[in-house]
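[1] Build me a structure from this.
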Amino acid sequence: MEKLTSKEEEVMELIWQVASQLGQCAPKDVASLYPEPQPSANAIAQVFQALEKKGYLAHEPKGRGFVYRPIVDKQAYGRGRLSSVINRFFSDSYMSVVSALMQEEKVTEADLLQYLADLKRKDGLGEG
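    Now for the predicted structure:
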C-alpha cells in the first residue's frame, strides 16, 4: 500500500465512516462532516482523486458526478501502518512492542496469559 499523507488519511477515515453506512460516498458527503468552515467539495474531490490513484478508492458515475467506495478496508490499512511503525521504531521486533506495552501498563500479564489460553483453545491444544 502506498503511504498516505495526513490529509489523505484524515479524508480516508471519513470515507470509511460514510461508506460503512452507505456503501459509497461522494466528496460532498465527506465535506459535510467537517466543522465550519467546511472545505469545499472540490478540495475534497482532489483528495479523492489522489486516493484513487494510490489504490484506496474506486469510482463509478452517478448523475453528473461520481460516487466512490473504498477498496482498502480500514483494518487492512491499520495492519499496514502497524507493521510500518513496528519496523521503524521497534526494529521489526513484535516482542519489543509487547514489552513496551507492558511497561506502559497497556497490556498486563493476565492479558497475555488469557491471550495464550485463547490461542491454545483455538488451535485445539488446550484439549486434554
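[2] show me what contacts the residue most central in space within the chain?
    The centre of the chain sits closest to residue 74, judged by C-alpha atoms, centre = their mean, with a distance of 3.3 Å. Going by C-beta atoms under 8 Å, 6 or more residues apart in numbering, residue 74 touches 13, 16. The way it works is simple: take the backbone N, C-alpha and C, and place the C-beta from them, glycine included.
[3] Return the backbone torsion pair for it.
    phi -60, psi -40 (degrees, to the nearest 10).
[4] Ok, residue 55 next?
    As for residue 55, its main-chain torsions (degrees, to the nearest 10) stand at phi 90, psi 20.
[5] so what's the closest residue to residue 38 other than its chain neighbours scoring on pLDDT?
    Once flanking residues are discounted, residue 38 sits nearest to residue 31: 5.4 Å by C-beta to C-beta, 6 or more residues apart in numbering. pLDDT recorded at residue 31 is 95.
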